[in-house]
Every structure is written in structure tokens, then in C-alpha cells.
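> Give me coordinates for this.
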Amino acid sequence: LAASQVEVRTLVMLRGLLHQLHAACTHLVTGAQAFPSSVQETAGHIRHSVEGMQASFSRARAHSLHDLSDLVLAQSRETVTRAQLSIDELLEYVGQHAPLPWLVGPFAPALVEYPEDVPVEMAKWEGCVTV
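Numbers count the residues shown, from 1 in each chain. This next block holds a predicted model:
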């Protein structure tokens, strides 16, 4: 492939990644509603930053990487770095404060029932918890 074709494909991939990142941030903002306002604000700032990057790339109407100004590239790099740090902070908060079912979803082991007249060897069920 020619260098210009690689650049065009790179920009298309970048726009696709930004779109996916925006969708993930929107989901993050929705999920953060159960947390304190500071966590909600952080999630909102991340989404806003991604929206800003999308707008910058849309305004540039770039057909190659050379069409993007150094300022747009520097701002995008800075935005991604800040977003990454904010996401790290959110993950740390969630890891320390969120109840386990919120992180992994509901979990209920299968209820094992046996007729009362059938003996069950308890040694083979050691460590199992039934509900």
C-alpha cells in the first residue's frame, strides 16, 4: 500500500476508535449514576474530552495525518493522557468502594436438592455453599 493509503486507513481507524470510545464513555456516565457526584463528574469530563477530540478531527476534515495541525495532535495526545488518568482513578475508586455484585453481576450458584431419603456424602461437597 502507498503511504497515502495507509494514512487514510489510519484516520478511518482513528475515527472508528473515537466513536467506540465515545460509546464506552456514554455507558460509563450512565453506570456512574450510582456513585457519588465526584465520580459522576469525572466520568462526564472523560466523555466531554472524547467529544472534543471528535469535534477537532471533524473540523480538520483531514484526509491524511499531514492535514492535522500539530496543535490538534498535541491536544489529542494530552486529552487521551488525561482521560487515561481519570479512568485509572475511577477504576481505583470502584475497586475500593463498589459492592462485588456491581462489578461482576448477579451470581447465584445452582441450588442442589436431594430427596431426604438419599444419603449424601458430605465429604465430596466440602466447601460448597448452597442457597
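> Can you list the buried residues in stretch 6-19?
E7, V8, L11, L14, L18 (16 or more other C-beta atoms under 10 Å). Placement of C-beta: from N, CA and C, glycine included.
> so what's the fourth one up against?
So the one you mean is L14. By C-beta atoms under 8 Å, 6 or more residues apart in numbering, the contact set of L14 is F57.
> send the alpha carbons of the one helix or strand A43 maps to over as CSV?
Assessed by DSSP states H and E, A43 sits inside helix 37-60. Extracted C-alpha coordinates of helix 37-60, given in CSV (Å, rounded to 0.1, in the frame of the first residue of the first chain):
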residue,chain,number,x,y,z
SER,A,37,-21.2,13.2,42.3
SER,A,38,-17.4,13.5,42.1
VAL,A,39,-17.2,10.1,40.3
GLN,A,40,-20.1,11.1,38.0
GLU,A,41,-18.3,14.4,37.2
THR,A,42,-15.1,12.6,36.4
ALA,A,43,-17.0,10.3,34.0
GLY,A,44,-18.7,13.3,32.4
HIS,A,45,-15.3,15.1,31.9
ILE,A,46,-13.9,12.0,30.2
ARG,A,47,-16.9,11.9,27.8
HIS,A,48,-16.7,15.6,27.2
SER,A,49,-12.9,15.3,26.4
VAL,A,50,-13.6,12.5,23.9
GLU,A,51,-16.4,14.6,22.3
GLY,A,52,-13.9,17.4,22.0
MET,A,53,-11.4,15.2,20.2
GLN,A,54,-14.1,14.0,17.8
ALA,A,55,-15.1,17.6,17.1
SER,A,56,-11.4,18.5,16.4
PHE,A,57,-11.0,15.7,13.9
SER,A,58,-14.3,16.6,12.2
ARG,A,59,-13.4,20.3,11.9
ALA,A,60,-10.0,19.4,10.5
